[in-house]
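> Got a predicted model here, sequence first, then my questions.
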Amino acid sequence: MKNTMTEQYQTIVRDGLWKNNPALVQLLGLCPLLAVSNTVINGLGLGLATLLTLVASNGLVSLFRHHIPDEVRLPVFVMIIASIVTAIELSMSAWFHELYLILGIFIPLIVTNCAITGRAEAFAARNAVGPALVDGFMMGLGFAAVLILLGALREIIGQGTMFSEAHLMFGESARYFKIIIIEDYRGFLMALLPPGAFIGLGLIVALKNVIDARQTAKMTASPTATQADNSALQQH
Amino acid sequence: MNTIQKHILSIGLMLAVFAIGSTSLVVITENATRDKIADNERQTLLNAINTLVPAANYNNDILSDTLEIGPIKALSTTTATTVYRARQNEHAIAAIFTSIAPNGYNGKITLLIGIYQTGELAGVRVITHKETPGLGDKIDERKSNWITQFSGLSLSNPKSAQWAVKKDGGQFDQFTGATITPRAVIQAIKNALHYFEQHQNTLFEQRHEKHYD
């Protein structure tokens, strides 16, 4: 029993971070993903807000899963998610006001992130609270990781820096987090505009597919390789 | 009542319960954060004002010493806006108000402009704009210091004809690949200076209750 439980959690972790990554495989939530990934800090901010929403909505949906009538489950999910997002938006405005001023218009976009409704429907509504929370956390982490990676890619290519405007999130002392990767860089505008986001995400998806393909090739190749070794041994 | 009706009723009730529950969550959060958010907004506004007129130059409660002015053609404002008045020991020091450049490359550019009693610009900051990132957005103080060059200038310094981008024979730099944006901003600043010159006295008028004390 314990083994199957750890196995279940391992699958959840693997699914969220890699195998079924919301941004790279399910391709859900592209609207906020592409809009806010122009710097690392913006990506991190939206990533954390999305992660929080996912964990909270998965938890609540799973908690009430026996009480939510099947016929109206989608309106109920939408209400739960919308109220969580509003609560997060208000809390951010209260405690991270500067970051809120930047990400403010994108926070309501989280409501439109299908990854959240998707996880409520596909996972939280059918599983116990524990796994649902872990699933929300891992999916959120997978989504945030892609946001940050894409943010880094676009920030380096677009303006030659990393972690610029970190003070918006970590306070004044973080102003010095900014790393200038390329000195006297003239900037590459397209990377900062939406086309850059599409191309960047496309490249990351392609990279993931290449890694996956290599791995499958290795997996299928290794048994035959040992067989070949065996037959070679037998011949001698 | 037959079973189908009962079923529909129970589903409807559950939906209502969830609606009440999620609305309560929003209400509770709103209550808990309201004061802090109002505080933050005041602080953000005060910071913006103090980048134009340093806090050391005035000693009134500038966020309360305000004047509402209706939509003003010269400033291209379409709604009522607020004028913040800086005073030192009741003497007028500077006025801070909103002016809009309606003809940016991508629509309106909203400016916060501070002007000293002498007619000198305390400073200008861009509040909102939709100019092209990397080209026109250099009017934003976070991207470039172009906007800070206006501090200390007035209608007589430089001369009227010089209040333009270099391309139009003026003294201000345009950006590579973007002339429309700075041209619009410079025009809006010039308009604001003219407006201030004409309405200087009414802008600093004390509110009515002050007249009686």
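Right, received. Where do you want to start? Everything numeric in this text was worked out from a predicted model, so none of it was measured. Numbers count the residues shown, from 1 in each chain, chains lettered A, B, ... in the order given.
> which ones are touching residue A:114?
A:28, A:29 (C-beta atoms under 8 Å, 6 or more residues apart in numbering or on different chains). C-betas here are computed from N, CA, C, even on glycine.
> Model confidence at it, what's the number?
You'll see residue A:114 listed with a pLDDT of 83.
> Okay, it and chain B: tell me how far apart.
19 Å (C-beta to the nearest C-beta, to the nearest Å).
> Can you give me the distance of that residue to residue B:171?
In this view, residue A:114 and residue B:171 are 53 Å apart by C-beta to C-beta, to the nearest Å.
> what residue ranges in chain B score low on pLDDT?
B:133-134, B:206-213 (pLDDT under 70).
> That one: helices as residue ranges?
Remark: helices assigned in chain B by DSSP state H are B:3-52, B:180-203, B:208-211.
> Out of those, flag the one nearest chain A.
helix B:3-52 (3.6 Å; C-beta to the nearest C-beta).
> Each with direction, which strands does the biggest strand by length in chain B pair with?
Scanning chain B for the strand with the most residues, using DSSP state E, yields strand B:91-104. Next to strand B:91-104 in the sheet, as set by DSSP bridges, lie strand B:81-88 (antiparallel), strand B:107-116 (antiparallel).
> and the ones you listed, which is most packed in?
strand B:107-116 (a mean of 21; mean count of other C-beta atoms under 10 Å in any protein chain shown).
> and the angle for that one with helix B:3-52?
Per axes from the mean of the first three to the mean of the last three C-alpha atoms, to 10 degrees, the angle that strand B:107-116 makes with helix B:3-52 is 40 degrees.
> Give the buried residues for the longest strand of chain B.
Buried residues in strand B:91-104, counted by 16 or more other C-beta atoms under 10 Å in any protein chain shown: B:92, B:93, B:94, B:95, B:96, B:97, B:98, B:99, B:100, B:101, B:103, B:104.
> As CSV, the strands paired with strand B:91-104 with distance to residue A:177 would be great.
Output for the strands paired with strand B:91-104, formatted as CSV (distance: least, C-beta to C-beta, whole Å):
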stretch, distance to residue A:177
strand B:81-88, 33
strand B:107-116, 28
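> closest one to residue B:181 among the ones you listed?
strand B:107-116 (7.3 Å; C-beta to C-beta).
> Now do that closest one: distance to the chain's middle.
6 Å (C-alpha atoms, centre = their mean, to the nearest Å).
> Would you mind stating the distance between the closest residue to residue B:79 other than its chain neighbours and chain A?
Leaving aside its sequence neighbours, residue B:79 sits nearest to residue B:71 (C-beta to C-beta, 6 or more residues apart in numbering or on different chains; 6.0 Å). Residue B:71 is 25 Å from chain A, where distance means C-beta to the nearest C-beta.
> Number of residues surrounding residue B:71?
11 (other C-beta atoms under 10 Å in any protein chain shown).
> What residues does it make contact with?
Counted by C-beta under 8 Å, 6+ apart, residue B:71 has contacts B:77, B:78, B:79, B:80.
> Can you flag the buried ones in these?
residue B:77.
> from the contacts of residue B:71, which two are the most distant?
The widest separation within the contacts of residue B:71 (C-beta to C-beta) is 9.5 Å, between B:78 and B:80.
> what about the residue most central in space within chain A, distance to residue B:1?
Residue closest to the mean C-alpha point of chain A, counted by C-alpha atoms, centre = their mean, is residue A:143 at 0.3 Å. Taking C-beta to C-beta as the measure, residue A:143 falls 46 Å from residue B:1.
> How about residue A:122?
35 Å.
> the more surrounded of those two?
residue A:122 (13 against 8).
> what pLDDT does that one get?
89.
> likewise the one 3 residues further on?
Residue-level confidence at residue A:125 comes out at 90, pLDDT.
> so when I look at it, I'm seeing a helix, right?
Yes - assessed by DSSP: H, G, I helix; E, B strand; the rest coil, residue A:125 belongs to a helix.
> Tally up the residues packed near it, please.
Residues near residue A:125, counting by other C-beta under 10 Å: 20.
> Next up, the contacts around it.
Going by C-beta under 8 Å, 6+ apart, residue A:125 touches A:61, A:62, A:65, A:68, A:73, A:77.
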